[in-house]
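Trainee: A predicted structure for the sequence below; I have some questions about it.
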Amino acid sequence: MKQTNNLIHCITNPISINDCANLILALGAKPIMACHPDEVESITSNSSALALNLGNFDDIRAKSMMISAKCAKENKIPFILDLVGVACSTLRLNYAKELVSLYCPTVIKGNISECKAFYGMTSHAHGVDADIQDEENIYESCKWLKEMALNLGCVVVCSGKVDVITDGKEVNLISNGCEMLSRITGTGCMLNVAIATFLASYSPLLACVKATCYYEVAAEKTECSGPGTFHMHFMDEIYKLTSFDESLFKIEVLG
């Protein structure tokens, strides 16, 4: 499953940028983390996929992400938008809605609170993590997430204890992963760039399912004594992934 040296352009936040770059390398692709407004168009146009992230939002990246999204759309380059913090920030929410309306991404990703907020539903988040009140019956969530994907014309990835991935027609429920993923910061950002890496090689829905499953299987296989050792050894498990690990995927497909 190693990628073929595809160039993946990431405009992400400084909190997770190093981990994101290393994860792309571990998957066999090449990261470039350019974010200056005067260079991102040329970088995106020469990339195989684009990953955008609203974490630690600022003016420079806000401008750059719009430029790159426009470039990706015009050049038919697949891209993913991570809705980090839209459930707790009106600024980010309005920005995300504008970007999506102008340049609808190939994939939109968020936790349940972020997806609810983006879709105009009541959300209870007070920060960038999902609120426990929003983690309702997963099969009920599938209904409106499927509708959201269909209406927007993209794949929606809703991460959580059970991940929901849908293109508006098919729904995939993924039950891989482990609790330690929630104990270090940036794991959602890393999944975002993993999906972008797979978008360079697979159709959108398949890319999202494969990337999420491989990523979470690597987490399950990581031996650790706490968050620090998990952080270190997780990248090793990403690097060691092979197609044989697909036997560990836990996927339920709904029509």
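Mentor: Yep, that arrived.
Trainee: From here on, just use CA atoms for contacts and neighbour counts.
Mentor: Noted.
Trainee: Please enumerate the helices of the chain.
Mentor: Taking DSSP state H to define them, one finds helices in the chain at 17-26, 40-45, 59-74, 90-103, 112-118, 138-152, 187-199, 204-221, 227-240.
Trainee: Can you lay out those helices as TSV showing mean neighbour count, mean pLDDT and distance to Phe249?
Mentor: Shown next, in TSV, are the helices of the chain (neighbours: other C-alpha atoms under 10 Å; pLDDT from 0 to 100; distance: least, C-alpha to C-alpha, whole Å):
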stretch	mean neighbour count	mean pLDDT	distance to Phe249
helix 17-26	21	98	20
helix 40-45	20	99	32
helix 59-74	19	98	31
helix 90-103	16	98	31
helix 112-118	26	95	22
helix 138-152	17	95	19
helix 187-199	27	98	16
helix 204-221	22	98	6
helix 227-240	17	95	15
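Trainee: can you list these in TSV and add distance to Ile11?
Mentor: Shown next, in TSV, are those (distance: least, C-alpha to C-alpha, whole Å):
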stretch	distance to Ile11
helix 17-26	9
helix 40-45	9
helix 59-74	7
helix 90-103	14
helix 112-118	19
helix 138-152	22
helix 187-199	10
helix 204-221	19
helix 227-240	21
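Trainee: quick one, which of those helices is nearest to Ser247?
Mentor: With C-alpha to C-alpha as the criterion, Ser247 lies closest to helix 204-221 of the helices of the chain, at 9.9 Å.
Trainee: Show me the contact partners of that closest one.
Mentor: 106-107, 155, 157, 165-167, 172, 174, 176-178, 180-181, 191, 194-195, 198-199, 201, 234, 237-238, 241, 245-246, 248-250 (C-alpha atoms under 8 Å, 6 or more residues apart in numbering).
Trainee: who wins for proximity to Ile8 among the helices of the chain?
Mentor: Judged by C-alpha to C-alpha, the one of those that comes nearest to Ile8 is helix 187-199, at 6.3 Å.
Trainee: Could you work out the end-to-end span of stretch 159-178 for me?
Mentor: Start-to-end span of stretch 159-178 (C-alpha to C-alpha, to the nearest Å) is 12 Å.
Trainee: before we move on, what about stretch 246-255?
Mentor: End-to-end for stretch 246-255, by C-alpha to C-alpha: 22 Å.
Trainee: Quick one: distance of it to the chain centre.
Mentor: Stretch 246-255 has its C-alpha centroid displaced from the chain centroid by 19 Å (C-alpha atoms, centre = their mean, to the nearest Å).
Trainee: Could you give me the buried positions within that stretch?
Mentor: Using 16 or more other C-alpha atoms under 10 Å as the test for burial, stretch 246-255 gives 249-251.
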